[in-house]
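Q: All I have is the shape, not the residue letters:
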């Protein structure tokens, strides 16, 4: 099965209009084809019952990102065995409900559970700040910055699909409490909205300042949770 065929088949099990599916759908359907491998399993009726994807990213050049959607652990085990190399490290980035599917296939550590927030455009209000500068990242995506006296706040995109874009924000500790984070987040949200996409924001629940910033900008919690964790593929649990 070609990558194009695999991606077409996944349209039936991924909702590209649902922000809860957006991170998984980005990698499965839209990540650079030259750096993407997708493995699909069908049942006896030809219906897709799961997939595992392996993706080279800029997150870690030596540990590919793995995302998946399976409903049965045995299907996940077979697909992981097809996609991964025993003893190799990977990064799993998938909906939290997939973590039980990996069973004995993966040694998982340093789990981060992330809330998926989506911007409610009706609650969004632009923030005016004369220090905000709009730029372009090396990959061509929008980037918004404030720089003053050696301090900086930056907001940009981790990825973008036809319907969604995941934003990030970084603010120097000494620059906090000045409203800079809100200003650059508002700026990047405006750019995303103007492109016809909807901003989403992934944040750990314990990161109170980021959660507060998101809610203040008009983001709402989808209720979905994404896991990001270090893993080592241990091999198929039912095979020697």
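A: Sure thing, it's come through. What you see is a predicted model, and the numbers here were worked out from it, not measured in a lab.

Q: and whichever strand or helix holds residue 191, what does it pack onto?
A: Assigned by DSSP states H and E, residue 191 belongs to helix 180-194. Using 3 or more CB pairs under 8 Å, 6 or more residues apart in numbering; DSSP states H and E, the elements in contact with helix 180-194 are strand 106-119, strand 142-148, strand 151-160, strand 164-171, strand 198-203, helix 208-217. Bear in mind the C-beta positions are built from the backbone N, C-alpha and C, glycine included.

Q: residue contacts, the spatially closest residue to residue 17 that is not a sequence neighbour?
A: Nearest residue to residue 17, sequence neighbours excluded (CB to CB, 6 or more residues apart in numbering): residue 163, at 6.2 Å. The neighbours of residue 163, taking CB atoms under 8 Å, 6 or more residues apart in numbering as the test, are 16, 17, 22, 197, 198.

Q: Scan those and report the most crowded one.
A: In terms of neighbours by other CB atoms under 10 Å, the contacts of residue 163 top out with residue 22 at 27 neighbours.

Q: who touches that residue in this structure?
A: Residue 22 is in contact with 16, 116, 161, 163, 164, 166, 200, counting by CB under 8 Å, 6+ apart.

Q: mind running it again at 7 Å?
A: 161, 164, 200 (CB atoms under 7 Å, 6 or more residues apart in numbering).

Q: Just put those residues in CSV and tack on distance to residue 193, neighbour count and pLDDT.
A: Formatted as CSV, these follow (distance: CB to CB, whole Å; neighbours: other CB atoms under 10 Å; pLDDT from 0 to 100):
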residue, distance to residue 193, neighbour count, pLDDT
161, 15, 19, 96
164, 11, 24, 98
200, 12, 26, 98
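
Q: for the protein, which spans come out with low pLDDT?
A: 175, 240 (pLDDT under 70).

Q: can you rerun that using 80?
A: 149-151, 173-178, 239-240 (pLDDT under 80).

Q: per-domain residue ranges of it.
A: According to automatic domain parsing, the chain comprises the domains 3-113+226-233, 121-217.

Q: Turn these into JSON lines, columns for distance to residue 239.
A: Output for those, formatted as JSON lines (distance: least, CB to CB, whole Å):
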{"stretch": "domain 3-113+226-233", "distance to residue 239": "7"}
{"stretch": "domain 121-217", "distance to residue 239": "34"}
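
Q: can you tell me how far residue 154 sits from residue 106?
A: 33 Å (CB to CB, to the nearest Å).

Q: Same question for residue 112.
A: Per CB to CB, residue 112 is found 15 Å from residue 106.

Q: and the helix holding residue 191 with strand 164-171, angle?
A: 160 degrees (axes from the mean of the first three to the mean of the last three CA atoms, to 10 degrees).

Q: can you give me the angle helix 180-194 makes with strand 151-160?
A: 30 degrees.

Q: what about residue 112 and residue 106, which has more around it?
A: residue 106 (24 against 14).

Q: if I pick the more buried one, what's in contact with it?
A: So residue 106 contacts 92, 231, 232, 233, 234 (CB under 7 Å, 6+ apart).
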